[in-house]
Every structure is written in structure tokens, then in C-alpha cells.
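> Following is a predicted model, sequence given first.
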Protein chains: 2
Amino acid sequence: MSIHPFDQALALTPTDVPGVYHGSTSAAYWNMVGPFGGITAAIALKSVLQHPALLGQPIALTVNFAGAIVAGAFTVSATPRRTNRSTQHWVIELTQIDTAGQVEVMLTGTAVTAVRRSTWNSDDVPLPAVPRPAGLPEEKPMTGVEWIHRYDMRFVEGAFPTEWKGQGDASLSQLWMRDAPGRCLDFCALASMADIFFPRVYLRRALRVPAGTVALTVYFHADAAQLTESGSGYLLGQARAQTFRNGFFDQNSQLWNEAGLLLATTNQIVYYKE
Amino acid sequence: MSIHPFDQALALTPTDVPGVYHGSTSAAYWNMVGPFGGITAAIALKSVLQHPALLGQPIALTVNFAGAIVAGAFTVSATPRRTNRSTQHWVIELTQIDTAGQVEVMLTGTAVTAVRRSTWNSDDVPLPAVPRPAGLPEEKPMTGVEWIHRYDMRFVEGAFPTEWKGQGDASLSQLWMRDAPGRCLDFCALASMADIFFPRVYLRRALRVPAGTVALTVYFHADAAQLTESGSGYLLGQARAQTFRNGFFDQNSQLWNEAGLLLATTNQIVYYKE
């Protein structure tokens, strides 16, 4: 049986120091000038989940993209800075050695894991009333980048512009998504899909403005069993910007499974050039 | 001239190590069993802004509340892990010495600062159509905690429940807020106000369920000049939860000034007991 490209990209080799791992970038998830941010977020989370002292399951993940990761080897570290009875607080860092032999910080981050228990529950933002994925065409939102071939994406609203004439007037996208080929959902896959939305400024302006994610936060609302129940089905992702201001805009997003369970909410702040 | 209690609470004394400061908790911002989370977030940001190597202004701040801060001395550190041409990436930690003499991590965090430049701009989430603060009564959302006396709060929607009979059906709050006594707005004050919203579970359920913020992320959309222009005027804050699930719920919030400029968007994930 062949290994799924997502698992290949997330393969981390332990070192003598607990929580410090060696890995290598994956050509299968390459973006324009570096890895797809989602795969990097997933690697950061994987370093936590692979730690021998892990307590519980992911609740929150924040990653900050500090430098342009280059193709090749990296080191990722996850350090539990505080372990309580039912929660654990992590600091994450990803580094590469530059051509001069210097250690360069490429990502900083934090995570919170926790042991969940049953409580009163309420999903207050229901799955939007949208057509089911089976009836929608598969679309690649852009060309020339490899990582988009690792996802089956079916847009309901706010697809990638086909004309770049400044005609944009809204930033909302809704799309069904799943790994391609199919793969049973887990926390790392969900972290990666939290970054699947192309920069809102492309849609809002219908102009090819250079842009890149600076920081990404994911809140995980589902537990491992609920992710497993989602199987290799589609997730509906929704993203929109609230404001674009002097070089940075935000993206506010939700991810539901086909059964309508809100699995994750996520926000990011994105650099744009003009 | 007396020093504003907010500035007293944020007073940090440099040590011999750049970016490492000593401080002390403030009784003026005390919550039920520790400091108001907003003041702790503001202290974390202050440690970055006071660093001699600071580049630019805050873009993103994430703080994770790892332990219950006790009254007294603390150490906060801000470390620039990566400095680029126009962005800088920070790691933040706040510690206290426990009764056994051990260093305990109370907060982990990250921040991104950047030099902004003028671009195309668009505020896509306008200030809601709400009554102006002058015509609304000042209300304290709860009693028995000191920090709420440091804010002038005027609720438009979703005030603190006056009956606790499980009658709640929505989680939206809208309120005007400003420092009391008045103080010219700055990044630290904005970070603090990002945590002003009481736990959404109180409102949604109208039950006094034990709850506390686990992690908070703030995106700063305004620059220092825009904050200064806001002066000591009111901000409109809006907060709502998207989902409550097995011990954790989220809060998604926006903060506008009276002129309608979206100054910050913020999210948090909150523990609740049942």
C-alpha cells in the first residue's frame, strides 16, 4: 500500500531531544515560492501530536509564518511549557539552516491541547444551505501550483476570478473540499484545510495583488472520533474578509462536515502589497 | 498628575536581559480568581512594544492562558525570533515563582509587528446601526469583580443576564466601552478591551456555568495614528459564539471606534465546565 502524499509530507523523524524532529519539504504540496501554508501548519501540529508527553487533543493552534521556507530539510520542535490536569500548553518552532550555516526561524507558534469531556453543546452557526458536492464540478482555483492537485475542490460561491479587471465586490467563498486522493480526516488534515482559501484580496478586488498569510489560528471544535466519523467525505469551507487596511487583511472561516457539524473555526491575517 | 490605573498595571521594569521585565499584578484589574485576562494580554503586548529592538506596530497577538496567575510579582519576556525587512516575529512568556520556588509558566504567546504602508483599503463589516452611547445607561455587567469598574460599558444588545433560569437563546452582545477614567486609546488598551466580553455561555444559556478564556488572538487593523484619533471616545464591541462543544466554545468579536473604523477583530476559545 502506498503512503498518502499528506502522510509523506508530515513524516517527522525524532531526534535525541524529545519533541525535536527532522523533516523535509514536500514537492507535492508546493505553492508558488514555498510550501502551501496549510501543510506547514499541519507539520507544526504534528510535532505536538507526536510528542511522547502529549495530553489530550488539539483545542487551539496558532502559527506565524516568519520566513520563506525553502525546499529541503527543516527542524520542528514542540515544547510543552505547562501541563495542567486537563490542559497542556505548547510552544512550536520550525527552523532551517541557511546557505551560510545559520539557523533561521521560519515559523513560530503555540498550541493548546486538552482532555475534553461531555457538556451541554450547541452549534449556533449551521451549515449554509448550499448544493451538495456531488452535483458540482471539480475546479482548480488557480494554475501553476502543485498543492491544489492534492485537494478535490467544488466551489459553491466565490470561485477564483476568471477575469482580472478589478470587478470584485465581495470576499465570500464557499467550497466543498477533501483530500485527493481520499484520506480519513484527522486533526492535521483539518489544520491544513483551514488554510485552503486563496487570499481574499484576489476575490474582493479581482486583481492579482501579491499576498501571503502572516498568521493563522485554528480552533478545533471536534474530537478525534468526530473527525474519524467524517471519514473521507467533503468539508464545506466558508471564508470572508472583514477588513483590508494598509497592507494586511483578515480572513474569517468555518469548516463543517457533510453531516453539518462545525469541525473548526479559523482566522488568519494576510499581507497584501497594494 | 496621577498615573492612570491602566498604566500602573502595565508598568514593566527592565532587567539586565533585553526583553525581560519584572511587573506586579494590579488589584485595580482583578477578576474573580486572578487578573482580568485583558490586562494580562495587554501586559504581554507591552513587553513587545517596550523592547529596544521593536520594528513597526502590532499586527497580530496571540496569548494562551496557561495557569492561574496569583497576586504579586511576575516576569514577562518578549523575544524577537525573526526580524525581516518590514515584519518581526515575537515569542512571549509570562512566569511566576510558586511557593516552592519553582518557575511556573502562566502565559505563552506570539506576536507579529510590521511596518505598514498605504494600500487600497476597504472596511467590509460596517459599524452596526446602533444607538449612540450618550443615550444609553452605563451598566456593570456583573458585580463582585474589580476590573469592571475600570471600564465605562453601555450595552446595546446582550447585556449580562438578570435572571439565571436557562432562558438564553442567543450569544450576541453589542456594547459601547471606554476606559474609566478616560484614557487615549493605544494598542495595549485595545488588546485589553478585546477581552472585555463576558463568557458567551452565560448569555447563551442564562446559567452561571464556570468558564474562562484559554486562548485569545487579536488582529490590529488600525495604526497608532488612527488609535490616537479615537482619543478617549467609545468603541463599539460586538461578540458572539459560533459553537459550544464538549468543554470549549469560541467568541468571535469586532471593535469599531465611534467614527466607524474597524480597529480590531479578535477571537478566543473559552473553557466551560458543563
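Great, that's in hand.

> Can you pull the residues of the stretch 151-274 of chain A lying near chain B?
By the rule Cβ under 8 Å from any Cβ of the partner chain, the part of the stretch 151-274 of chain A lying against chain B is A:170-171, A:204-205, A:209, A:214-215, A:217, A:219, A:221-223, A:240-248, A:250, A:252, A:254, A:262, A:265, A:267, A:269, A:271-274. Bear in mind the C-beta positions are built from the backbone N, C-alpha and C, glycine included.

> show me where chain A has strands.
Ranges of strands within chain A are A:13-14, A:20-24, A:57-65, A:73-83, A:87-97, A:103-114, A:122-123, A:151-157, A:173-179, A:211-220, A:235-240, A:243-245, A:248-257, A:262-272, based on DSSP state E.

> Using JSON lines, please lay out those together with mean pLDDT and mean neighbour count.
Supplementary listing: the strands of chain A in JSON lines, determined by pLDDT from 0 to 100; neighbours: other Cβ atoms under 10 Å in any protein chain shown:
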{"stretch": "strand A:13-14", "mean pLDDT": "98", "mean neighbour count": "11"}
{"stretch": "strand A:20-24", "mean pLDDT": "98", "mean neighbour count": "17"}
{"stretch": "strand A:57-65", "mean pLDDT": "98", "mean neighbour count": "27"}
{"stretch": "strand A:73-83", "mean pLDDT": "98", "mean neighbour count": "19"}
{"stretch": "strand A:87-97", "mean pLDDT": "98", "mean neighbour count": "23"}
{"stretch": "strand A:103-114", "mean pLDDT": "98", "mean neighbour count": "24"}
{"stretch": "strand A:122-123", "mean pLDDT": "96", "mean neighbour count": "16"}
{"stretch": "strand A:151-157", "mean pLDDT": "97", "mean neighbour count": "19"}
{"stretch": "strand A:173-179", "mean pLDDT": "98", "mean neighbour count": "22"}
{"stretch": "strand A:211-220", "mean pLDDT": "98", "mean neighbour count": "25"}
{"stretch": "strand A:235-240", "mean pLDDT": "98", "mean neighbour count": "23"}
{"stretch": "strand A:243-245", "mean pLDDT": "98", "mean neighbour count": "23"}
{"stretch": "strand A:248-257", "mean pLDDT": "98", "mean neighbour count": "24"}
{"stretch": "strand A:262-272", "mean pLDDT": "98", "mean neighbour count": "24"}
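
> Which among the ones you listed is found nearest to B:Leu236?
Shortest separation from B:Leu236 across those is recorded for strand A:243-245, at 14.4 Å, computed as Cβ to Cβ.

> tell me what that closest one is packed against?
Using 3 or more Cβ pairs under 8 Å, 6 or more residues apart in numbering or on different chains; DSSP states H and E, the elements in contact with strand A:243-245 are helix A:200-205, strand B:122-123, strand B:262-272.

> A:Ala66: neighbouring residues, count only.
Other residues within reach of A:Ala66, judged by other Cβ atoms under 10 Å in any protein chain shown, total 27.

> Can you give me the distance of it to B:Glu93?
A:Ala66 is 17 Å from B:Glu93, where distance means Cβ to Cβ, to the nearest Å.

> now swap in A:Tyr234 and tell me
Where B:Glu93 is concerned, A:Tyr234 sits at a distance of 40 Å (Cβ to Cβ).

> now A:Pro131
With distances defined as Cβ to Cβ, the gap from A:Pro131 to B:Glu93 amounts to 48 Å.

> got the contact list for A:Pro14?
A:20-21, A:50 (Cβ atoms under 8 Å, 6 or more residues apart in numbering or on different chains).

> Tell me how many other residues crowd A:Ser2.
Burial of A:Ser2, expressed as a neighbour count using other Cβ under 10 Å, amounts to 7.

> Run through the residues that contact it.
Contact partners of A:Ser2, counting by Cβ under 8 Å, 6+ apart, are absent.

> Same question for A:Phe74.
Applying Cβ under 8 Å, 6+ apart, one finds that A:Phe74 lies in contact with A:22-25, A:94-96, A:106.
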